[in-house]
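In: take a look and give me a structure for this.
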Amino acid sequence: MYNKYLDVFIQVADTGSFSKAAEKLYISSTAVMKQMNLMEQELGLSLLVRTNHGITLTESGKQIYKDSKFIIDYANRSIEKAKKIQNRNNYFITIGTSLICPCKPLIDLWYQINDDYPEFKIKIVPFEENHSSTLNTLNSNGVKLDFIVSPNDSPKWTENFNFLKLGDYKFCIAVPISHPLAKKDKISFEDLSGEKVTTITTGDSKQNQDILNKIKTICKDVEIYDAPFFYDISVFNRCEESGSFLVSLECWKDVHPAFKTIPLTSGETIPYGILYDKEPTQDAIKFLEIIKSVI
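Out: Numbers count the residues shown, from 1 in each chain. Have a look, this model is predicted:
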């Protein structure tokens with residue numbers, strides 16, 4: 001990008017000596033003198049005053065010296081920018097999405113900053129869920145996902161995966177749209193009295209267990225049906241067929257058209273965030289560093 005004679009010239013000017021410049025550059029004094037002679041010949045300028053007492057700069061030399069550090073710095077910065085451009089599109093991130101694990105919260109966050117990171121390319125891959133496959137999706141890496149976005153307060157999950165929290169989802173009740181309670185904007189536990197309610201009755205989620213305990217304590221004559229630890233569309237279908245309410249989350253409001261998803265007045269929430277392998281790829285690590293910096 002720039003004539004490397006400039007590096008030698010600066011050392012000669014700074015030290016005032018061919019021999020001292022040679023020591024700094026780990027080359028011979030003869031090589032230094034030869035390069036300075038060639039530089040002057042190529043430029044057609046006299047840059048150095050050579051005396052028995054050392055080296056000084058001519059007026060032309062002083063001007064070259066003044067601008068040379070800027071030239072070197074500008075050239076180096078230009079090279080760094082060019083390297084970044086060359087390295088663009090080198091980072092590929094694959095994010096899974098499904099009805100139960102929508103990737104929208106992460107994508108919305110990324111689109112706030114993605115203009116600053118054009119080297120990252122995001123691929124969204126839909127995946128099918130059943131009662132056991134969510135954990136296996138990353139474990140088997142069958143669809144080569146870097147991340148899924150999911151609600152999570154499960155110690156079992158964090159034993160197998162890393163989890164980066166992005167926020168909290170509100171607990172809701174999915175109410176059949178034909179039910180009178182579907183007209184409400186918020187729903188209380190007392191409203192569930194006398195109804196059939198499907199919720200997770202086993203598992204290791206503290207938040208789910210708290211919801212179940214409140215239903216049992218507060219609601220009168222409620223019929224509780226067990227839901228699988230991992231929801232999928234079949235859980236919603238089963239509730240629709242039986243006329244059961246379903247303990248749900250705000251992110252699932254569009255899963256089934258036969259239900260209206262209504263937030264609980266009590267305001268319970270569950271963390272959601274990014275699930276990823278214990279040993280993520282280098283591309284995934286770089287992506288995570290950026291996400292962490294903005295949350």
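
In: for the chain, what are the low-confidence residue spans?
Out: By pLDDT under 70, the low-scoring segments of the chain are 1, 84-89, 129-143.

In: now do the domain split for it, please.
Out: 5-87, 92-273 (automatic domain parsing).

In: how are the strands of this protein distributed by residue range?
Out: Remark: strands assigned in the chain by DSSP state E are 48-51, 54-57, 91-97, 120-126, 147-151, 161-176, 196-200, 223-227, 245-249, 259-263, 269-277.

In: same list (those) but as TSV, adding distance to residue 235 and mean neighbour count.
Out: (Each C-beta comes from the backbone N, C-alpha and C, glycine too.) Shown next, in TSV, are the strands of the chain (distance: least, CB to CB, whole Å; neighbours: other CB atoms under 10 Å):
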stretch	distance to residue 235	mean neighbour count
strand 48-51	84	13
strand 54-57	82	17
strand 91-97	18	19
strand 120-126	19	15
strand 147-151	14	25
strand 161-176	10	19
strand 196-200	7	20
strand 223-227	5	16
strand 245-249	7	25
strand 259-263	11	21
strand 269-277	16	21
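
In: any chance of those in CSV with distance to residue 182 as columns?
Out: CSV is the format used below for the strands of the chain (distance: least, CB to CB, whole Å):
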stretch, distance to residue 182
strand 48-51, 90
strand 54-57, 86
strand 91-97, 27
strand 120-126, 29
strand 147-151, 23
strand 161-176, 5
strand 196-200, 15
strand 223-227, 19
strand 245-249, 10
strand 259-263, 5
strand 269-277, 22
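
In: quick one: closest of the ones you listed to residue 109.
Out: Among the strands of the chain, strand 161-176 comes nearest to residue 109, with 6.8 Å by CB to CB.

In: that closest one - contacts with which helices or strands?
Out: Counting contacts by 3 or more CB pairs under 8 Å, 6 or more residues apart in numbering; DSSP states H and E, strand 161-176 packs against helix 104-111, helix 233-242, strand 245-249, strand 259-263, strand 269-277, helix 282-294.

In: out of these, nearest to residue 40?
Out: Distance to residue 40, taken as CB to CB, is lowest for helix 282-294 among the helices and strands packed on strand 161-176, at 47.2 Å.

In: can you give me the angle the closest one makes with strand 147-151?
Out: Put simply, helix 282-294 runs at 40 degrees to strand 147-151, going by axes from the mean of the first three to the mean of the last three CA atoms, to 10 degrees.

In: which positions in helix 282-294 come out as buried?
Out: 283, 284, 286, 287, 288, 291 (16 or more other CB atoms under 10 Å).
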